[in-house]
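Student: Structure for this input, please:
(one chain, ligands or ions: 1)
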Amino acid sequence: MSEAVTLERRDGIALILVDNPPVNAIGRAVRAGLVRAAAEIAADPGIRAAVLACRGRTFMAGADIKEFDTGIGPPGFHETFDALEALDKPIVAAIHGTALGGGAEAALACHYRVAAPDAKIGLPELSLGIIPGAGGTQRLPRLIGAEAALDVILAGTPVPADKARKFGIVDAVVTGDLLEGAVAFAKALLADGKGPRRASALTVAPPPDGWFAAKRADVAKKMRGRQAPLSAIDAVEASLTLPFAEGLALEKRLNDAARMGTEARSLRHVFFAEREARRVPGLSDSVQPRPVRAVGIVGAGTMGGGIAMNFANAGIPVVLLDATREGLDRGLGIVRGNYARMVERGKLTAADLDARMALIRGDLDYAALADVDLVIEAVFEGMDLKKQVFAALDRACKPGCVLATNTSSLDVDEIAAATSRPQDVLGLHFFSPANVMPLVEVVRAAKTGEEALATGLDVVKTIRKTGVVSGVCFGFIGNRMLDVYGREAQRLLLEGATPAQVDAALEGFGMAMGPLAVYDLAGVDVGVRIRQERAKRPKGSPGALPDDPTYFLPSGLIVERGWMGQKTGRGFYRYDPATRARTPDPEVDALLRDTALSLGIPQREIGADEIVDRCMLALINEGARILEDGIALRASDIDVVYTAGYGFPRWRGGPMFHGDTVGLPAVLARIQEFRATLDPRYWQPAPLLERLAREGSSFAAWDRSRRAA
Ligand code: T1G
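Tutor: Have a look, this model is predicted:
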């Protein structure tokens, strides 16, 4: 028997134990071990029943995703799990942790399932651009009906044990020792004379007429651009119309086709990119993060309050500091309000609300921060104020306390210099609303020490956010790129495209929201104010404005008229006060046209392809410069920033991966075309992009070569 799978015997019950750290992924050795275990159990007359369980922190968390690019060698998933289901002795899955994907499907192939109270079972395959491919599309509908099964697959979120029990996915929730409980369950089956109970032998309860068609229409709308969800519907529908074996064959065909497609390759890229982002080259394993048991937050505004919620949600006590009692009360009120809305929506219990609020203590005096392990400053964006705060923190906080700023645009080196301990200062840049958005840029300043950096990354993981290391530059990774993206979107408005056309093109590409609708949501005035500040910077210095009267001109024109976006009922669009639905505003369209004409900018029809290319290539080119400048550690980190923080479609892998998908020679050629026909100063290809394109290389290859070096 392979080491990954061992077989033990306990009073006539066989225990199949999978041990493949860290998450018991079902690689080839595990599949081979399971097949051998099934054969041994079948052949041994002394064995009367079996239990399938896992060592370590979780039940099998699915296929080994690393095998997807290389191909899945024999034995295949169907062969493996069919061998378990075919046993003529009852087999019980004992689930702890997260039984995901192929892990859940292994459990479904067992005849019975018991679970620990905190276990979860789910089919997250769509988040990887594939469909359940180990029998899940055929067995789950037979167990719980096609409607519930498809909903579990489409949602992708794991089902907690008690709910799985109600659904009929799990037969019993076991408290106490799971393995003992599972063995007892198996013995009880034998005592009751119960034998194998195979999901494959059941028939599927059919949904009402038209149900699948309605689901397809719904998915086409809500998961625009995606193929895998439609394939999942086809496979689940087949569980009604085809015999089990033929359904499995269809599932395999659909899964194989999906796995090598762009959607799945992109989503796999993001999965590994998010985990890779936690690794900092050169940071040795001996550098340990400092424990963070209590946190201080300075500034009880919307941002500070949102950040505080993340820590309270993770059970970490927070001292929220503000300059005034009113500011503090307002901030705590906003936090309570956010939690109250979660209670209303059934996402939190009233008791949880109280427990979390109890973890957030307000204070007005820096002395209250004497014992915390980490402070995050989230005060108004002004350098003088930030320096005062950091000088005060330097006096108040204990040695070793990590001091973080949430600045989105100021120089972290300069902020660090206001303290006597720049080695403990870094940036933790959260995105608004901070309690919702997953991205945190972890900004490494010139003097940030390794322990402080490791602590920043570790704490971001603890609060279940996605961290990406960025160097110091204006806008860090995300907003520096957003600037060129927005610049193109706004320039297109002066060349003849309407806001609705620009947004429709980019939403058609897959962006969660078009850029102009985003300005309206965030407040068009916000960006205008930032650019007014930037105008004060010396020419050519970081963050200074280019000498271009059309640069973000549309935003300026709109704000001059008092149209700030959704909060004023109109911005680039008009908004229905009741539904917030947006409609094009002919007055805005005319204003943009007239302004362009007065500036002598010719008007033309601009196709969706050009809109998407200009905005995307601007992102990719700036991304390449960010890599050259050493601001991002790797191209895949930029992809994580854009997918986690800016609504870039994960199924396109992020801007840099998208560049690779298009092919860098084609990307370069199009940029050169734009240099010839548009404003050439914005369309100078980044030297790194030129080099990789010339070599026929890719950003992914560049990442790999740097990892190897
Ligand atoms: N394959 C390979 N490596 C995996 C893996 C997997 N399925 N899951 C995790 N890892 C690695 C991960 O890269 C990291 O490595 C380490 O394990 C710890 O992960 C046939 C086709 C289980 C909830 O989608 O959701 O089955 O960075 O940091 O926060 O139908 O990992 O340390 O080197 O995320 O405790 C379906 C994916 C596959 C589950 C644990 N399964 N994994 O979270 O740890 S498709 C999934 C997760 C499938 C079948 C189909 C999470 C987790 P490193 P981690 P965590």
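
Student: just the helices in the stretch 301-450 of the chain please.
Tutor: Along the stretch 301-450 of the chain, counting by DSSP state H, counting those that start in this stretch, helices occupy 302-313, 325-344, 350-358, 383-396, 412-416, 450-462.

Student: among those helices, which is nearest residue 661?
Tutor: Across the helices of the stretch 301-450 of the chain, residue 661 has its closest neighbour in helix 450-462 (28.4 Å, Cβ to Cβ). The way it works is simple: take the backbone N, C-alpha and C, and place the C-beta from them, glycine included.

Student: That closest one and the ligand in contact?
Tutor: No: applying Cβ under 6 Å from any ligand atom, one finds helix 450-462 separated from the ligand by no less than 7.6 Å.

Student: re earlier: and the helices of the stretch 301-450 of the chain: which comes nearest residue 434?
Tutor: Once the helices of the stretch 301-450 of the chain are compared by Cβ to Cβ, helix 302-313 is nearest, at 3.1 Å.

Student: what's in contact with the closest one?
Tutor: 295, 297-298, 317-318, 320, 322, 331-332, 334-335, 338-339, 356-357, 359-360, 376, 378-379, 406, 430, 432-436, 463, 465 (Cβ atoms under 8 Å, 6 or more residues apart in numbering).

Student: Those residues of this protein touching the ligand, which are they?
Tutor: So the chain meets the ligand at 22-23, 25, 58, 61-66, 77, 98, 100-102, 105, 124-125, 128, 130, 132-134, 136, 275 (Cβ under 6 Å from any ligand atom).

Student: Relative to the ligand, which residue of the stretch 201-350 of the chain is the closest?
Tutor: residue 275 (3.8 Å; Cβ to the nearest ligand atom).

Student: got the buried residues for the helix or strand hosting that residue?
Tutor: Taking DSSP states H and E as the definition, one finds residue 275 inside helix 262-276. Residues of helix 262-276 classed as buried: 263-271, 273-274, 276 (neighbour count, 16 or more other Cβ atoms under 10 Å).

Student: so what does it touch, helix or strand wise?
Tutor: Packing partners of helix 262-276 (3 or more Cβ pairs under 8 Å, 6 or more residues apart in numbering; DSSP states H and E): helix 67-70, helix 635-645, helix 655-662.

Student: what about the strands in the stretch 51-200 of the chain?
Tutor: Assigned by DSSP state E, counting those that start in this stretch, the strands in the stretch 51-200 of the chain fall at 91-95, 98-100, 112-115, 120-122, 159-160, 172-173.

Student: what would these look like in JSON lines with mean pLDDT?
Tutor: Output for those, formatted as JSON lines (pLDDT from 0 to 100):
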{"stretch": "strand 91-95", "mean pLDDT": "98"}
{"stretch": "strand 98-100", "mean pLDDT": "98"}
{"stretch": "strand 112-115", "mean pLDDT": "98"}
{"stretch": "strand 120-122", "mean pLDDT": "98"}
{"stretch": "strand 159-160", "mean pLDDT": "97"}
{"stretch": "strand 172-173", "mean pLDDT": "98"}
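
Student: ranking the ones you listed by burial, who's on top?
Tutor: Among these, strand 91-95 has the highest mean neighbour count (mean count of other Cβ atoms under 10 Å), at a mean of 29.

Student: Break this protein down into its domains, please.
Tutor: For the chain, automatic domain parsing gives the domain ranges 5-260, 295-470, 478-630+634-708.

Student: what distance separates the start and the end of the last one?
Tutor: Meaning domain 478-630+634-708. 26 Å (Cα to Cα, to the nearest Å).

Student: what is the rounded mean pLDDT of that domain?
Tutor: The predicted model assigns domain 478-630+634-708 a mean pLDDT of 96.

Student: What is the neighbour count of the residue of the stretch 401-550 of the chain found nearest the ligand?
Tutor: Closest to the ligand within the stretch 401-550 of the chain is residue 461: 7.6 Å, counting by Cβ to the nearest ligand atom. Using other Cβ atoms under 10 Å, residue 461 has 13 neighbouring residues.
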